[in-house]
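Got a predicted structure here, sequence first:
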Amino acid sequence: MPHPALRRTLAAVTAVLLPHTALAQLEEIIVTAQKRAESAQDVPIAVTAFDAAALKSQQISTFGDMRFAAPNVSYAKGNFTSNNFAIRGIGTALVAAGSDDGVGIHVNEVPILFPRLFETEYYDVEQVAILRGPQGTLYGRNSTGGAVNMITKTAETGAPGGYVEGQYGNYDHTQIEGALNVPLGERFAVRIAGIGLQRDGYTENIHTGDDVDDRDQYSVRGSLRWAPDDETTVDLMASYFEEDSTRTRSQKQMCHNDPSGVLGCLPDRLAFETVNPLAQLTGLLPSRLAAFAPTPALSNDQSENPRDMRKVNMDFTPVYEADETLLTLRLEHEFERYSFVALAGYQDTSVLSQQDYNNNVGGTASPSPLLRSVFPITWATYFADGCLPISAPSASGNGIVGGHSDGCNDSLDGYDQSNQETDQASFEAHVASNYDGALNFFAGAFYMEADTFNEYYVIASGLDYFSVVYPAVAGTFLGTPGLRDGLAYTAPSYINRVNSYELESSALFGEVYYQLRDDLKLTLGLRYTVDEKDIDDVQYLYNSFVPFGFDGTITGAAGQPLGRVDNEKWEETTGRAVLDWSPQVSLTDATLLYASYSRGYKGGGFNPPFDRALFPDTAATYEPEYIDAFEIGAKNTLLDNTLQANITAFFYDYEGLQVSKIVNRTSFNENADAEIYGLESEFLFAPDEHWRFNANIAYLHTEVKDFASVDTRDPTAGRSDVTLIKDNLNASNCVINHNGAPAPGVAQLNSCSGLQSSLPAPYTVSDGVAVDLSGNQLINSPELTVSLGGQYEFSLAGDYRLLARLDYYWQDEMYGRIFNRDPIDAIDSWDVWNAQATLLAPDETWFVRAFVKNIMDDDNVVGIFVTDPSSGVFTNVFTIEPRTYGLAVGYNF
């Protein structure tokens, strides 16, 4: 049932949305959803668009804010460098460097492969439009879930002008943004815009007393317009963004501690506890040396995990650095019967994020002085200071072995680093006819190439300790030939590195429009896509033995080169058909009815590198996904253009939906079938010159079809006829299938790879029991969402005006994983209230605005990420921002 506050608000808005005497009309929003300027009400596509005024009035300042204002849109940060912006349940649920987004993100119609969604603050924006459903016959880069297009303000050759706005708020929030438009004669103009933002952290680290998750970023943008004649326009935009902050990728880590150390976290519920370090590779490996050499103390002692989403207890301060250079170029020429457009784009972007791996304070630990006499070389090289060294990221990957140290600590510390660098270039050209007759067409061609470097590290003092001590232990006490004091493992940190992921994508696309009669039009579209992907990647961890100080190329145990070099190519033909009817309702009202079918496609890709010995039957690639989408819609402009009422119903038949899970230090991407359907309604109402209302109500049903997979949270699937095993070499999990026999008498800490050959029939060993996921919901797909807003304009003395606005959003419960385990995967329903009041000068040259977001200061969870068994299957949690409020002052000129 909806929240009581939601029911009361729905009742209030329903009472308001009744016929009134119309004294004001709704503004028309012009969009380019079909690559030509037209009213959003005339487009037979489910599209929600916000102009600059709507973005400000509804406090939409980031991509994440879109979920509060557009139907069936969700957003959550990913655990690494990615984001999951989803439309109708389709987004980016993959963990792979070569994955494609389900929702295409565009800036000035240029597709961006790796957009800075997590960091972007909107400024000097003309419009943001969200298109729901598969896109491809009109857009250069195809997508299955939909597309978002942000259009920046262009330079204008008319009069000079601009604005400046400053803000101050809680968390010592300071922000300044502005723009200046300068005409340079009748044919040239330039526009300069920028934004700077600083604030203190949202989260208190009780261990250090400092705040983390702060912001320090800025962006500048320059635009140039050249109109050599009345038929030709050239627009160039160049922007630069940079951030250096303590932003956290996830706000909290949760776990119901597993005292056995087999799982690390129990699969029944989330709790404010910490993972058992004995279940993690970083703790398991050092503990194996205890019988032969003094080791740092390892136990399941729990450090405090505050029962507050805005408090953490960790000994590593987050690092977040990002930058982006973006250029877009648009050339448009109007012929007598045709319009020609050429689009070019370039992006160069990087991001680097470091964060405490376990989000807690590691147990106090130090090397025993006994090591000095047992292993004098190791002691003198690494432990003479009486503390535990920890590696720093390095190009070679050799960490402390190669002399790359990040300090020395008196605890078992660990952090991860996720970093990526991408550059892309694209070109698109299309032509549209403008015939007087019944037939017209649109045709285009697209080409893109991109190159990405991606790394993920897990760096821990426990891994470093094992790397330099184990060879001495093995040589001295175990008699392993060739091992001795003074040797070390290469790659003392876990590294998943994509040296290069290259994409080359090309397409031909177009549509034909036939006016069957004045009020009835048929659209037929077709697209042919070729995606070619190249990968060069490698996974490092304890690959071979080398002398201390080695900083060369890491090879396998037999000196063999490591890594994978592969190439794949996918080709597909897709399209759409639309029939739209515009019956004449009255002289003042208008209605558009449409029905459409679309075939969508998203290319396959490469699974990240993994240990073939552990997973010999796992495919190195995953397959493309396909969608057959059916949609009907009605767009109505009623009551003398004071009411807009749009309703859309859709049905998706999904084949090969790409989904991810983290298993034994890598990501496995699988393909599942799914069924999605829903209903969306959008209303705008202006009963008089004072009131404005908006309401969106959306229903979404998502269902997995005919798919089974092993849940890493519980590989046994709760069955008693299997035995769960923790691998004593790599901390992975496996199960022994009894196959009708009694439980075998083996220790739970064992070798998964060695068990199969040592166990008699009928016992077998596998990675777990697959569970049937048919009927489960897709991730981050609430069944019901509601967005409501109301604004009242007060007329004050002296022609001053005061605008008071209140916005409300509510969403139903949803699941953070496709396994839908209750209650551990469930994300409760939640709501958020925002409000603001703006005082406008008579000529609108200046304004003062007071604002507040998340009025109730709720810590609403919007997504989760579950790590792999070798990390203890802990859960990282993503939340919305806390309550923020402040005052803005602006001047327009």
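Arrived safely. Numbers count the residues shown, from 1 in each chain.

CA atoms for contacts and neighbours, from now on please.
Noted.

Any regions of the stretch 751-893 of the chain where pLDDT drops low?
For the stretch 751-893 of the chain, no stretch has pLDDT under 70.

which residues of it fall in helices?
Residue ranges of the helices in the stretch 751-893 of the chain, as given by DSSP state H, counting those that start in this stretch, are 752-758.

The chain too?
4-16, 52-57, 281-287, 371-374, 376-378, 461-476, 752-758 (DSSP state H).

between the ones you listed, which one is nearest to Q347?
For Q347, the closest of these is helix 52-57, at 24.3 Å, according to CA to CA.

any idea what sits nearest M314, other than its immediate chain neighbours?
Closest residue in space to M314, ignoring its immediate chain neighbours: N360 at 4.1 Å, by CA to CA, 6 or more residues apart in numbering.

before we move on, what about G158?
P183 (6.4 Å).

What of R221?
Once flanking residues are discounted, R221 sits nearest to S239: 4.1 Å by CA to CA, 6+ apart.

thinking again about what came up before, list the contacts for the residue nearest to M314?
Residues near N360 by CA atoms under 8 Å, 6 or more residues apart in numbering: 274, 303-305, 312-315.

The longest strand along the chain: which residues count as buried?
Counting by DSSP state E, the longest strand found in the chain is strand 494-517. Under the neighbour-count criterion of 16 or more other CA atoms under 10 Å, strand 494-517 has 494-515 buried.

report the angle between the axes of that strand and helix 461-476?
130 degrees (axes from the mean of the first three to the mean of the last three CA atoms, to 10 degrees).

What is the neighbour count of I779?
24 (other CA atoms under 10 Å).

can you check T490 too?
32.

Please apply the same query to A432.
Neighbour count for A432, taken as other CA under 10 Å: 21.

Any figure for the gap between the spatially closest residue to it that is not a sequence neighbour and P492?
Closest residue to A432 apart from its sequence neighbours, by CA to CA, 6+ apart: F442 at 4.4 Å. Going from F442 to P492 by CA to CA, to the nearest Å gives 56 Å.

picking up where we left off before, quick check: beta-bridge partners of the residue nearest to G158?
Going by DSSP bridges, P183 is paired in beta bridges with A189.

got a list of what the residue nearest to N205 when sequence neighbours are not counted touches?
Of all residues not flanking N205 in the chain, V312 sits nearest, at 4.9 Å (CA to CA, 6+ apart). Applying CA under 8 Å, 6+ apart, we find V312 in contact with 203-207, 252, 305-306, 359-360.

and with 10 Å instead?
Taking CA atoms under 10 Å, 6 or more residues apart in numbering, we find V312 in contact with 203-208, 211-212, 251-253, 304-306, 359-361.

ok so, going back, could you spell out the sheet neighbours of the longest strand of the chain, each with its direction?
In its sheet, and by DSSP bridges, strand 494-517 pairs with strand 439-460 (antiparallel), strand 520-540 (antiparallel).

rewinding a little: selecting buried members of the contacts of V312 in PyMOL, what would you type?
Buried residues within these, by 16+ other CA under 10 Å, are selected in PyMOL with:
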select buried, resi 203+204+205+206+211+212+251+252+253+304+305+306+359+360+361
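
Narrow the contacts of V312 to those in strands?
Residues of the contacts of V312 located in strands (DSSP E): 203-205, 211-212, 252-253.

if we can go back for a sec, how close does the residue nearest to M314 sit to S353?
17 Å.

shouldn't T325 be in contact with A425?
No - using CA atoms under 10 Å, T325 is not in contact with A425, being 11.8 Å away.

Mutual contacts of the two, please.
Contacts common to T325 and A425, judged by CA under 10 Å, 6+ apart, are 346-348.

which one among those gets closest to T232?
Comparing these against T232 with CA to CA places Y346 closest, at 22.3 Å.

got the contact list for the closest one?
Under the criterion of CA under 10 Å, 6+ apart, the contact list for Y346 reads 110-112, 238, 325-329, 423-427, 448-450.

Please pick the buried ones from these.
Judged by 16+ other CA under 10 Å, buried ones among the contacts of Y346: 110-112, 238, 325-329, 423-427, 448-450.
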